[in-house]
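**Student:** no letters, just coordinates:
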């Protein structure tokens, strides 16, 4: 939760710098802030995410990996109702208030998931 506290204390600190997120992780955060009941593994959600990332397709395992990393960073977790929720209400408000999540040069796909790149 250190990254979240850093960002809330200093608004000049970017999401990328504070949390070291790749583009898919940032787009997932935006998705959950806009649609709390979003199902990130659905075909429609993966299609939307892929389009946002400039990819033709996005495999379920790639989304799983991104969500696991967000959970490891204590940014989101899966609730008992099966929804992905922010660990911090303040961080969720910060994401909602920062409509533009800048693209980065950080690779989206790890070596074992290169099949998603086109």
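**Tutor:** Now that the structure is in, tell me what you want to look at. Nothing here was measured: the structure is a model prediction, and the numbers come from that model.

**Student:** next structured bit after the strand or helix carrying residue 32?
**Tutor:** Secondary structure from DSSP states H and E places residue 32 in helix 23-34. Remark: after helix 23-34, the chain's next helix or strand is helix 43-53, criterion DSSP H and E.

**Student:** tell me what that following helix is packed against?
**Tutor:** Packing contacts for helix 43-53, counted by 3 or more C-beta pairs under 8 Å, 6 or more residues apart in numbering; DSSP states H and E, involve helix 23-34, helix 60-72. Just so you know, the C-beta spots here come from the backbone N, C-alpha and C atoms, and that holds for glycine as well.

**Student:** these two touch, right, residue 23 and residue 50?
**Tutor:** No. Judged on C-beta atoms under 8 Å, residue 23 makes no contact with residue 50 at a distance of 11.3 Å.

**Student:** just to revisit the earlier point, mind putting the helices and strands packed on helix 43-53 into JSON lines with distance to residue 87, mean pLDDT and mean neighbour count?
**Tutor:** Output for the helices and strands packed on helix 43-53, formatted as JSON lines (distance: least, C-beta to C-beta, whole Å; pLDDT from 0 to 100; neighbours: other C-beta atoms under 10 Å):
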{"stretch": "helix 23-34", "distance to residue 87": "11", "mean pLDDT": "93", "mean neighbour count": "21"}
{"stretch": "helix 60-72", "distance to residue 87": "9", "mean pLDDT": "95", "mean neighbour count": "17"}
